[in-house]
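Trainee: sequence and predicted structure below; questions after.
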Amino acid sequence: MQTDLINDKHIRSEQVMITPAELRAKLPLSKQAEQFVLHSRKTIADICHKRDSRFLVICGPCSIHDLDAAKDYARRLKALHERYRDELFIVMRVYFEKPRTTVGWKGFINDPHMDNSFDIETGLHRARELLTWIAELGLPAATEALDPISPQYLSELFSWSAIGARTTESQTHRELASGLSMPVGFKNGTDGSLQTAINAMRSAAASHRFMGINQQGQVSLLQTQGNPDGHVILRGGKQPNYDSVNVSLAEDAMREAGLRPCMIVDCSHGNSNKDHRLQPRVAKNVVNQIIDGNRSIIGLMLESNIHEGNQSCDLPIEELAYGVSVTDACIDWQSTEQVLEEMASSLKTVLPIRWESGDE
Ligand SMILES: O=C[C@H](O)[C@H](O)COP(=O)(O)O
Ligand SMILES: C=C(OP(=O)(O)O)C(=O)O
């Protein structure tokens with residue numbers, strides 16, 4: 001690489017990568033899977049706009065690091081997706097990019113071998129392989145849109161995206177969300193600030209022009225239309241914010257901003273004080289709010305894995321326990337089944353009559 005002391009003082013290396021179009025051509029999506037993704041996105045948009053009364057559940061590992069374990073998890077979740085399809089619309093968390101508070105493993109795309117080799121091109125290939133497999137299985141996938149370039153490689157495989165608590169105030173991420181093809185949830189800030197998410201939702205609903213890349217990898221001026229399917233995700237901050245008082249304050253704040261109250265509760269993160277064992281309690285509280293007549297909560301998020309808890313991502317890969325998170329702690333499969341079963345049976349009676357005209 002050319003040494004240029006004026007421009008590249010802190011750049012150590014540079015490597016040209018495969019283009020999005022080349023990766024898509026290598027690992028195409030079948031017509032059937034494409035239809036499935038389109039249909040799943042429409043279902044979620046219908047839930048956001050209260051045309052579909054089912055409850056959206058975004059459920060799965062905090063992050064993906066082992067593709068076999070991810071497939072094992074996906075097969076299990078697919079069974080529940082089918083079993084509760086009249087009450088719940090279950091979408092798997094397939095998070096390949098992790099935002100860090102300071103530094104740490106930034107997810108499977110960034111470092112798929114988990115050894116600081118940062119083989120991003122392999123990360124993209126293998127992420128796309130897994131996502132294609134999940135789409136062919138007939139399970140909708142959700143992710144956090146963190147890197148502004150990677151959606152060109154992968155976003156056709158996702159039915160829902162989040163903008164995370166650390167980036168919801170970033171203009172780059174609001175612009176990105178304004179062009180994404182699926183419904184997008186905006187988390188409140190890590191400090192609990194709801195206004196950050198509300199501002200993000202308003203910004204992403206508008207049209208933006210910004211620099212990005214096209215499918216051929218060329219730097220391009222992109223003009224977006226604005227995303228009409230935004231919603232807020234209450235993830236807690238210094239204090240939890242899932243209780244009915246906070247939900248009602250969030251509804252008021254959204255109305256005041258000229259937005260329809262529409263939100264998802266994240267049962268993890270600040271809402272469980274990062275204690276995974278509290279997630280079922282949060283989910284139960286949310287379901288009870290709906291039974292009591294709440295009409296703004298459209299779904300919830302659970303961090304769940306095959307086995308509970310978490311382990312250090314700094315362990316050698318061969319020493320990692322199977323099906324255990326390497327980022328935030330998750331509930332295990334048994335608790336996940338139990339939470340979803342209780343949720344579906346409690347919501348059965350109220351869901352069909354949940355929305356009234358004017359709720360949209
Ligand atoms: O959801 C995952 C984590 O909360 C997020 O990536 C931040 O992690 P960190 O605070 O361990 O860096
Ligand atoms: C990083 C995440 O959440 P948050 O942005 O709320 O911290 C996550 O859901 O993986």
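Mentor: Received, thanks. Fair warning: this is a prediction, and the values are worked out from it, not measured in the lab. Ligands and ions are numbered 1, 2, ... in the order given.

Trainee: pretty sure S268 contacts L300?
Mentor: No. Under the criterion of CB atoms under 8 Å, S268 is not in contact with L300, lying 9.8 Å apart. Backbone N, C-alpha and C define where each C-beta goes, glycine included.

Trainee: of these two, who's got more company?
Mentor: Legend: neighbour count by other CB atoms under 10 Å for S268 and L300, higher for L300 (29 against 26).

Trainee: what's the helix or strand hosting that one packed up against?
Mentor: Using DSSP states H and E, L300 sits in strand 297-303. Packing partners of strand 297-303 (3 or more CB pairs under 8 Å, 6 or more residues apart in numbering; DSSP states H and E): helix 31-48, strand 55-60, strand 88-93, strand 263-266, helix 279-291.

Trainee: let me see the contact set for M17.
Mentor: Contacts for M17 were tallied using CB atoms under 8 Å, 6 or more residues apart in numbering; they are I120, E121, L124, G217.

Trainee: touching ligand 2 at all, stretch 197-211?
Mentor: No. Using CB under 6 Å from any ligand atom, we find that stretch 197-211 stays clear of ligand 2, coming within 10.3 Å at best.

Trainee: got the buried residues for that stretch?
Mentor: Within stretch 197-211, the residues that qualify as buried are A197, I198, N199, A200, M201, R202, S203, A204, A205, H208, F210, counting by 16 or more other CB atoms under 10 Å.

Trainee: now do stretch 10-19
Mentor: For stretch 10-19, burial by neighbour count (16+ other CB under 10 Å) applies to I18, T19.

Trainee: for it, give the mean pLDDT please.
Mentor: Mean per-residue pLDDT for stretch 10-19: 95.

Trainee: next one: that stretch to chain centre, how far?
Mentor: Relative to its parent chain, stretch 10-19 has a centroid offset of 28 Å by CA atoms, centre = their mean, to the nearest Å.

Trainee: in JSON lines, list the helices and strands packed on strand 297-303 along with mean neighbour count.
Mentor: Output for those, formatted as JSON lines (neighbours: other CB atoms under 10 Å):
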{"stretch": "helix 31-48", "mean neighbour count": "18"}
{"stretch": "strand 55-60", "mean neighbour count": "27"}
{"stretch": "strand 88-93", "mean neighbour count": "25"}
{"stretch": "strand 263-266", "mean neighbour count": "27"}
{"stretch": "helix 279-291", "mean neighbour count": "19"}
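
Trainee: next, name the residue at the spatial heart of the protein.
Mentor: The centroid of the chain falls nearest to T143 when counting by CA atoms, centre = their mean (3.3 Å).

Trainee: isn't E342 up against R281?
Mentor: No. With contact defined as CB under 8 Å, E342 does not reach R281; the gap is 11.6 Å.

Trainee: if we can go back for a sec, quick check: the residue nearest to the centre of the chain vs F118, distance?
Mentor: With the distance defined as CB to CB, to the nearest Å, T143 ends up 20 Å from F118.

Trainee: same question, Q289
Mentor: Q289 sits 43 Å away from F118, going by CB to CB.

Trainee: smallest gap between the stretch 251-360 of the chain and ligand 1, at which residue?
Mentor: Going by CB to the nearest ligand atom, ligand 1 is nearest to D328 of the stretch 251-360 of the chain, at 4.4 Å.

Trainee: please name the nearest non-neighbouring residue to that residue.
Mentor: Excluding the flanking residues, the one nearest D328 by CB to CB, 6 or more residues apart in numbering is C62, at 4.1 Å.

Trainee: how near is the one you found to Y242?
Mentor: For C62 relative to Y242 (CB to CB), the value is 18 Å.

Trainee: and the two? Which one has more around it.
Mentor: Y242 (25 against 21).
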